[in-house]
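Asks: sharing a sequence plus its predicted fold:
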Amino acid sequence: MKVLIQRVLNARVAINGLQAGAIDKGFVVFLCVVKGDTLTELEYICRKTVNLRIFEDANGKMNLSLKDVNGSVLAISQFTLASDCKKGNRPSFDMAEEPARARELYEAFVERLRREGVNTVTGEFAANMQISLTNDGPVTFMLDSRL
């Protein structure tokens, strides 16, 4: 499982020109389910997302987690993170999980964040979405459950 986490001051997602969700301070999380991912990878990614200390404390050090700052998450399904661009000029998406299984794990990710008490807003799985965000820093991290 791969996630791209961007620390944001605010973010919103629109579908067909209509706002589907918005957050203030927190993370935009682009989640990609890779073939073979299980609940083990999901648990790792959820734990990291909630506990990653990338917000600044009073001394300006990245020492606070999403929960510490009462931040929110805008969770977006993003199969293109599974792309392989090494060969040729057209990306291969062979490593992306089948849509039904990917949706299941994406929805489980969202549910687990909510159970942790994190306000979590979503886009729509497999929809064409427009994401607007104000990156804070910029601070961006890529997590891969298999590395």
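Replies: Looks like it came in fine.

Asks: please name the residues that touch the residue nearest the centre of the chain.
Replies: Geometric centre of the chain, nearest residue: Val29, 1.8 Å, by C-alpha atoms, centre = their mean. Contact analysis of Val29 by C-beta atoms under 8 Å, 6 or more residues apart in numbering lists 3-5, 49, 73-76. C-beta: built from backbone N, CA, C; applies to glycine.

Asks: pairing partners for the closest residue in space to it that isn't next to it in sequence in the sheet, please.
Replies: Excluding the flanking residues, the one nearest Val29 by C-beta to C-beta, 6 or more residues apart in numbering is Ala75, at 5.0 Å. Beta bridges link Ala75 to Val29, Thr122, judged by DSSP bridges.

Asks: contacts only, for Ala75.
Replies: With C-beta under 8 Å, 6+ apart, Ala75 has these contacts: 29, 31, 106, 109-110, 113, 120-123.

Asks: what do you get if the cut-off is 7 Å, keeping everything else the same?
Replies: For Ala75, the contact set (C-beta atoms under 7 Å, 6 or more residues apart in numbering) comprises 29, 31, 109-110, 120, 122.

Asks: and if you look at Ala96?
Replies: The contact partners of Ala96, by C-beta under 7 Å, 6+ apart, come to 32, 34, 79, 82.

Asks: between those, which is closest to Gly60?
Replies: The closest of these to Gly60 turns out to be Cys32 (C-beta to C-beta; 31.8 Å).
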